[in-house]
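Chemist: fold the following for me, if possible:
(3 chains)
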Amino acid sequence: MVELSELENDALIEIFNIGVGQAAASMSALVSEEVRMSVPSISFISRADAARLLGSRLAAEAEAPDRICGVSQHYEGAFDTDAILMFPEDKSLELVRLMVGETVPLQELTDMEQEAMCEIGNIILNACIGTLANVFEQELRGSLPEYHVGTSDEILGVSGSEPDSVVLMLHIDFALDKHQILGYVAFVLDISALHDLKEQINRYIARAMGQA
Amino acid sequence: MTDVTPERTKTVLIVDDSRVSRMMARQYILHLQPGWNVVEAGTGEESLDKARAALPDLVLMDVNMPGMGGIAAAEQLRRLAPALPISLLTANVQSATRERAEALGLGFMEKPITEARIAQLLALAGG
Amino acid sequence: MTTVREPSLDLLHSVLNAVTLGAVVLDHDRRVVLWNDWMSEHAQIPQQQALGADFLALFPALRGSRVDAAIDQALRHHFPSLLSQSLNKAPFPLYANAAAARLDERLQQAVAVTPVDVVDGGRHCLIQITDVSIAVGREKLLREQTLVLRSQTFADGLTGIANRRHFDVAIEREHRRARRHGTPLSLLMIDIDHFKAYNDHYGHQKGDQCLIQVAAALSGMLKRSADLMARYGGEEFAMILPDTDTAQATQMAEAIRARAEALAIAHAHGGASGVVTVSIGVATRSVASAVNIDTLIGAADRALYRAKKNGRNRVEAQTPG
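Modeler: Residues are numbered from 1 along each chain as shown, chains lettered A, B, ... in the order given. This next block holds a predicted model:
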């Protein structure tokens, strides 16, 4: 499996924290309330392990262990990846309710709220990849968000990637008012994408150390 | 590169739990002001110790840190040194944070750290 | 082999102005380089005025908005953005007609901002605006209808047990039966002690959870099909026990009281027990005291009141009439 040096880990966590920080600011502007988001940790794991981790972790807090909501966007350029924001279904409903401010019961996820979830995914994923693109000084193109519901396995497989692809997994801590919601962002990477990403991280660190 | 007039040696204290962030800030600062002194701290608590020892002319403080957060540490520093320029660094620019910073007499800078932004901050210390 | 003919510029132009959505394209300096007829009509800004204008000059209120940020994302990062109608209420000043414009009744909008690369032109940004007022209106109607339907059913929305409507129907039915067959009919009024304090201290979400838990536990104690437990008010429940005399009803009430206490729902701001408890008033209509429904309910209420007064977490019975 992919091993990250302490410096590489540090660099990525800092980059993603900047990304979600900006996403939090955008979301805060939408709801006129304070929104806080952070990335406490990241890890590189196989797609199969990621599905297992999500299945058990999210299920522990969720009501329906098989119902996970995901918003995915495809990015290409300096590296190719499918980025997926994930919450257990009831948490994603809670998140949307918090953002939209509606007092509709949890059971009724309508098209409009699905669209809101797409926008939330769009904001967070664009912010994460955007920050990466910035610090790497690279170009990336993205797609519009797509909404999915299913098991963790199904969601991670939406890109049609192989089960032995690597997933860069981010824990996301979301807080609005007194509510705290835990979710994940997964970046599915094939071998060449992983290689490209590592190369970019190392270049960035070299620059930080004044060696570039 | 931005045009900055070299000044007599000053000390900048950079506080961030990310080592890479500190390294980048150090690079930019020394690039703009080669003669200056850069002191680093990884936590809010450490920043207070380092500040008392190094007596910096400028403090750059990351907001999002575990333990004593950046704002709490900045508050304490402000009490120790009322005239010391302290700038908060954060990616999450919301009016609530901005207001808190203003109320405490702190500066405010958006992340990610770039050389241009560092140059702006160094100007606060007369650089 | 047939040669493929590219659509003519005229055709493209006509189509662009025929589509029923707004299409605006900005160049790298955020100047309008494309503005279709739909935009002219609904923004009430003619093409001559729009073309070449700076985007924020046309829509100054959008400075610093999500639309502004999305345009930035598209031009700088090459990322598309989606602006949902629920999170962004009608960002553009677009109207169905002049009358709506006068009242500032904007169209409901779904907005997509996507980067477009133009050969020898650099990066541009396409803004698509769709009128979703009908969909939004339909959603709103559906929601209202759901609410109406819900009130017409017999289930309490929060706890899932019978609602007040159901109780009203059931008590009438059972009272009639009791009268006809000369059998005793008992009524229990159950009220959660210090519930307002619970809500105030633990918050409304926990308050709701508490109600759901208590309702589930207590309704699970019903044994016969004719027995009914309903949510009578905010924190008040009523239990109808047909063919049950005072002694049996009091026994049941005591079991309920004990069950509620055994749930051990922590309540630091309630009674001495430190957990959520209930007070219960019992009243029975019998041949000896053949009262009507209102009198029966009144008696149960008075018994409940006595239970509260006498210290809560207890059962009191009242002979009606």
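Chemist: going forward, measure contacts and count neighbours with C-alpha atoms only.
Modeler: Noted.
Chemist: ok, then the element right after the lowest-mean-pLDDT helix or strand in chain A?
Modeler: When each helix and strand of chain A is scored by mean pLDDT, DSSP states H and E, helix A:47-61 comes last, with a mean of 76. Downstream of helix A:47-61, the first helix or strand assigned by DSSP states H and E is strand A:68-77.
Chemist: which elements pack onto that next one?
Modeler: Identification of packing neighbours for strand A:68-77 by 3 or more C-alpha pairs under 8 Å, 6 or more residues apart in numbering or on different chains; DSSP states H and E yields strand A:81-88, helix A:89-100, helix A:111-136, strand A:140-142, strand A:146-150, helix A:152-156.
Chemist: let me have those in JSON lines, adding mean pLDDT as columns.
Modeler: Listed next are the helices and strands packed on strand A:68-77 as JSON lines, based on pLDDT from 0 to 100:
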{"stretch": "strand A:81-88", "mean pLDDT": "91"}
{"stretch": "helix A:89-100", "mean pLDDT": "79"}
{"stretch": "helix A:111-136", "mean pLDDT": "89"}
{"stretch": "strand A:140-142", "mean pLDDT": "92"}
{"stretch": "strand A:146-150", "mean pLDDT": "89"}
{"stretch": "helix A:152-156", "mean pLDDT": "86"}
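Chemist: just name the most buried of these.
Modeler: strand A:81-88 (a mean of 27; mean count of other C-alpha atoms under 10 Å in any protein chain shown).
Chemist: strands of chain B, residue ranges please.
Modeler: Ranges of strands in chain B, per DSSP state E, are B:11-15, B:37-41, B:58-62, B:86-90, B:107-110.
Chemist: check what contacts the helix or strand bottoming out on mean pLDDT in chain C and list those residues.
Modeler: One helix or strand of chain C scores below all others by mean pLDDT, DSSP H and E: helix C:133-152, with a mean of 74. Applying C-alpha atoms under 8 Å, 6 or more residues apart in numbering or on different chains, the contact partners of helix C:133-152 are C:107-109, C:157.
Chemist: restrict those residues to contacts with chain B.
Modeler: Among those, no residue is within reach of chain B (C-alpha under 8 Å from any C-alpha of the partner chain).
Chemist: greatest separation within the residues you listed: which pair is it?
Modeler: Greatest spatial distance in these: C:Leu107 and C:Gly157, 33.4 Å, computed using C-alpha to C-alpha.
Chemist: which one of the two is surrounded by more residues?
Modeler: Neighbour count, other C-alpha atoms under 10 Å in any protein chain shown: between C:Leu107 and C:Gly157, C:Leu107 has more, with 23 against 14.
Chemist: tell me the contacts of B:Ile14?
Modeler: By C-alpha under 8 Å, 6+ apart, the contact set of B:Ile14 is B:22, B:25-26, B:38-41, B:59-61.
Chemist: tell me the residues of chain B that contact chain A?
Modeler: Contacts of chain B with chain A, taken as C-alpha under 8 Å from any C-alpha, map to B:18-21, B:23-24, B:27, B:90-94, B:96, B:111-112.
Chemist: out of these, what pair is the most spread apart?
Modeler: For the residues of chain B next to chain A, the maximum inter-member distance is 30.9 Å, found between B:Gln27 and B:Ala96 (C-alpha to C-alpha).
Chemist: looking at the two, which one has more neighbours?
Modeler: Between B:Gln27 and B:Ala96, B:Gln27 has the larger neighbour count (other C-alpha under 10 Å), namely 20 against 12.
Chemist: is it true that that one touches B:Val20?
Modeler: No: using C-alpha atoms under 8 Å, B:Gln27 makes no contact with B:Val20, being 10.5 Å away.
Chemist: shared neighbours, these two?
Modeler: Taking C-alpha under 8 Å, 6+ apart as the contact rule, B:Gln27 and B:Val20 both touch A:Ala208.
Chemist: residues contacting residue 31?
Modeler: Defaulting to chain A. A:99-100, C:87.
Chemist: the chain in question should be chain C.
Modeler: Counting by C-alpha under 8 Å, 6+ apart, C:Arg31 makes contact with C:51-55.
Chemist: so it versus chain A, what's the distance?
Modeler: From C:Arg31 across to chain A, the span is 22 Å (C-alpha to the nearest C-alpha, to the nearest Å).
Chemist: just give the closest residue to that residue, not the sequence neighbours.
Modeler: Excluding the flanking residues, the one nearest C:Arg31 by C-alpha to C-alpha, 6 or more residues apart in numbering or on different chains is C:Asp54, at 4.4 Å.
Chemist: got the contact list for the one you found?
Modeler: Here C:Asp54 is in contact with C:29-32 (C-alpha under 8 Å, 6+ apart).
Chemist: let's go with 7 Å and repeat that
Modeler: Counting by C-alpha atoms under 7 Å, 6 or more residues apart in numbering or on different chains, C:Asp54 touches C:30-32.
Chemist: just C:Arg257 next, same as before
Modeler: Applying C-alpha under 7 Å, 6+ apart, the residues near C:Arg257 are C:278, C:313-314.
Chemist: just among those residues, which is most surrounded?
Modeler: C:Val278 (27 neighbours).
Chemist: surely it touches C:Met189?
Modeler: No: using C-alpha atoms under 7 Å as the test, C:Val278 is too far from C:Met189 to be in contact (9.9 Å).
Chemist: select the longest helix from chain B.
Modeler: In chain B, taking DSSP state H as the definition, the longest helix is helix B:19-32.
Chemist: against which helices or strands is that one packed?
Modeler: Applying 3 or more C-alpha pairs under 7 Å, 6 or more residues apart in numbering or on different chains; DSSP states H and E, one finds that helix B:19-32 contacts helix A:6-31, helix A:191-208, helix B:115-123.
Chemist: make a markdown table out of those and add distance to A:His148.
Modeler: Below are the helices and strands packed on helix B:19-32 laid out as a markdown table (distance: least, C-alpha to C-alpha, whole Å):
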| stretch | distance to A:His148 |
| --- | --- |
| helix A:6-31 | 21 |
| helix A:191-208 | 23 |
| helix B:115-123 | 40 |
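Chemist: nearest to C:Ser40, out of these?
Modeler: helix A:6-31 (27.5 Å).
Chemist: list the buried residues of the closest one.
Modeler: By 16 or more other C-alpha atoms under 10 Å in any protein chain shown, the buried positions in helix A:6-31 come out as A:8-31.
Chemist: try stretch C:262-280
Modeler: For stretch C:262-280, burial by neighbour count (16+ other C-alpha under 10 Å) applies to C:266-267, C:269-270, C:275-280.
Chemist: and if you look at stretch C:208-222?
Modeler: Residues of stretch C:208-222 classed as buried under the neighbour-count rule (16+ other C-alpha under 10 Å) are C:210-211, C:214-215, C:218-219, C:222.
Chemist: can you check stretch A:162-175 too?
Modeler: Buried positions in stretch A:162-175, judged by neighbour count with 16+ other C-alpha under 10 Å: A:165-175.
Chemist: please flag which of these sit within strands.
Modeler: Those of those mapping onto strands are A:166-175, per DSSP E.
Chemist: circling back: show me which of the buried residues of stretch C:208-222 is closest to chain B.
Modeler: Nearest to chain B among the buried residues of stretch C:208-222: C:Cys210, at 34.1 Å, using C-alpha to the nearest C-alpha.
Chemist: no further queries at this time; thank you.
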